[in-house]
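1. Pasting a predicted model and its sequence here:
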Amino acid sequence: MAVPEWKDEYSVDGGMIDEQHKKLISMIQELHTAMIEGHGDEAVNSIMDQLASYTEYHFSAEEEFMEQMNYPELESHKDQHVYLTGEVFDVFTAIQDGQRDMAEDVFDFLNGWLINHILETDMKIKGYI
């Protein structure tokens, strides 16, 4: 899977949400760099810990933003956030339990999860800004 790079087509609001998405992408890029340098498996725990915390922060900020603009699909978007948070937590737990220690698997999951969430779910917000 390709390393995610920020593209203008990912822009949702031209501001806070985009900056947070860029931060999430940079965390995935950090994991990829560690993998190339042969430190992927060691870096996974640290990056997943950072990602879990930052994802929680991002989802909270995004939901507050949607509430302020009376976004009509807020509840279904929140449900998607709950689901994705659970997925990230499950991957993180599997890593901690030694069930999953392959940085490449985690990289593929995170990369697909983030880009799909931006393009399929977050992009719907753009029409209401």
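-> Great, that's in hand. Computed from a prediction, not measured in an experiment: that's the story for all the values here.

2. Can you tell me the element the spatially most central residue of the chain falls in?
-> Centroid-nearest residue in the chain: Leu114, 4.2 Å away (criterion: C-alpha atoms, centre = their mean). Using DSSP states H and E, Leu114 sits within helix 103-116.

3. so how far is that helix from its chain's centroid?
-> 9 Å (C-alpha atoms, centre = their mean, to the nearest Å).

4. Run through the neighbouring helices and strands of that helix.
-> Contacts defined by 3 or more C-beta pairs under 8 Å, 6 or more residues apart in numbering; DSSP states H and E place helix 103-116 against helix 16-36, helix 40-68, helix 74-96. For the C-beta atoms, the positions are set from N, CA and C on the backbone; glycine is no exception.

5. In it, which residues are buried?
-> Judged by neighbour count (16 or more other C-beta atoms under 10 Å), helix 103-116 contains these buried residues: Ala103, Val106, Phe107, Phe109, Leu110, Asn111, Trp113, Leu114, Ile115.

6. still on that earlier bit, pull the contacting residues for the residue nearest to the centre of the chain.
-> Pro4, His21, Leu24, Ile25, Ile28 (C-beta atoms under 8 Å, 6 or more residues apart in numbering).

7. tell me the two of those that are most distant?
-> His21 and Ile28 (10.8 Å; C-beta to C-beta).

8. For Leu119, which of the helices and strands packed on helix 103-116 is the nearest?
-> helix 16-36 (10.7 Å).

9. ok, and what's touching stretch 48-59?
-> 20-21, 23-24, 27, 81, 84-85, 88-89, 91-92, 95, 106, 110.

10. so what pLDDT did Gly38 get?
-> If you check Gly38, the pLDDT there is 77.

11. Over to it. Which of the three states is it?
-> coil (DSSP: H, G, I helix; E, B strand; the rest coil).

12. Output the lowest mean pLDDT helix or strand found in this structure.
-> helix 103-116 (a mean of 76; mean pLDDT, DSSP states H and E).

13. Kind regards, and thank you for your time.
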